[in-house]
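[1] My questions are about this predicted structure, shown below with the sequence.
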Amino acid sequence: LGRAVASQVQKSTTSFEFNQKTRDLEKRGVQMYAFGYDVLMEGSAGLEVEELQRYLHDEGFYTSNYGFTGYFGPVTKTALLRWQKANGVLATGNFGTFSRAKYIELQESKAPKRKGVSIIPKWSKKAEMRVESRRIQTKAVESQRQMSKTGVVAVFFVTLVTVWQLLRFFNRRFEERELERQQMQRDRAQQVSRW
């Protein structure tokens with residue numbers, strides 16, 4: 001067991017190495033997926049998770065009736081655990097440095113052996129466009145959320161000002177009636193004193 005863990009530590013990869021190897025493999029014509037650099041685990045969500053689901057599907061491990069949701073739930077975790085076990089990766093259910101290292105190793109085995117040839121495949125452009133489209137959609141959703149927060153603040157502020165104006169109005173009316181009542185009492189007192 002100690003040797004297995006030691007070999008796993010040697011097979012981990014840093015974000016810098018992962019990024020460098022990913023770009024190199026893309027230049028060599030290998031399909032690469034945009035997983036990002038964070039550890040993906042149950043509860044994670046976003047484009048990176050959607051790309052992980054796409055990769056696991058292409059490898060035959062991810063089958064979901066809902067398609068690529070971008071949410072790392074039990075279905076994605078099960079698929080990842082099956083992929084990790086099938087490829088000799090420590091089966092944690094998280095897509096971290098060990099899994100990335102194995103992913104790079106597997107993708108390197110798919111790379112053509114020709115050196116110095118730069119191939120930009122069609123799917124690479126499609127994947128970039130898909131990721132960019134999702135980023136734009138995400139920004140639009142964030143913008144809408146920010147606008148709705150601003151709208152809520154504006155409605156609260158308008159409500160607060162309206163309530164304040166109503167309180168001032170009723171306070172003035174109360175003061176006017178109080179002055180009228182006092183004036184009536186003085187007038188009665190004068191009338192009573194004249195009798």
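    Yes, it's here.

[2] Least confident secondary structure element in this protein?
    helix 2-10 (a mean of 44; mean pLDDT, DSSP states H and E).

[3] Counting neighbours, show which residues of the following helix or strand past it come out buried.
    Heading C-terminal from helix 2-10, the first helix or strand you meet, by DSSP states H and E, is helix 15-27. Of the residues in helix 15-27, 18, 21-22, 25-26 count as buried by neighbour count, 16 or more other Cβ atoms under 10 Å. The way it works is simple: take the backbone N, C-alpha and C, and place the C-beta from them, glycine included.

[4] again, but for stretch 91-111
    91, 93-104, 107.

[5] quick one: which two of those are the most distant?
    Gly93 and Gln107 (21.3 Å; Cβ to Cβ).

[6] Next, work out how far apart the spatially most central residue of the chain and Arg54 are.
    For the chain, Gly46 is the residue whose C-alpha lies nearest the centre (Cα atoms, centre = their mean; 4.9 Å). Distance, Gly46 to Arg54, by Cβ to Cβ, to the nearest Å: 13 Å.

[7] what do you get for Asp38?
    In terms of Cβ to Cβ, Asp38 sits 17 Å off from Arg54.

[8] Look at the two and report which has more neighbours.
    Arg54 (18 against 12; other Cβ atoms under 10 Å).

[9] Check which residues of the helix or strand where the more buried one lies are buried.
    Arg54 is part of helix 47-58, with elements assigned from DSSP H and E. By 16+ other Cβ under 10 Å, the buried positions in helix 47-58 come out as 47-56.

[10] Save these as JSON lines, and put in pLDDT too.
    Output for those, formatted as JSON lines (pLDDT from 0 to 100):
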{"residue": "Leu47", "pLDDT": "86"}
{"residue": "Glu48", "pLDDT": "88"}
{"residue": "Val49", "pLDDT": "90"}
{"residue": "Glu50", "pLDDT": "89"}
{"residue": "Glu51", "pLDDT": "89"}
{"residue": "Leu52", "pLDDT": "91"}
{"residue": "Gln53", "pLDDT": "91"}
{"residue": "Arg54", "pLDDT": "90"}
{"residue": "Tyr55", "pLDDT": "90"}
{"residue": "Leu56", "pLDDT": "93"}
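
[11] Closest one of those residues to Phe156?
    Nearest to Phe156 among the buried residues of helix 47-58: Leu47, at 33.4 Å, using Cβ to Cβ.
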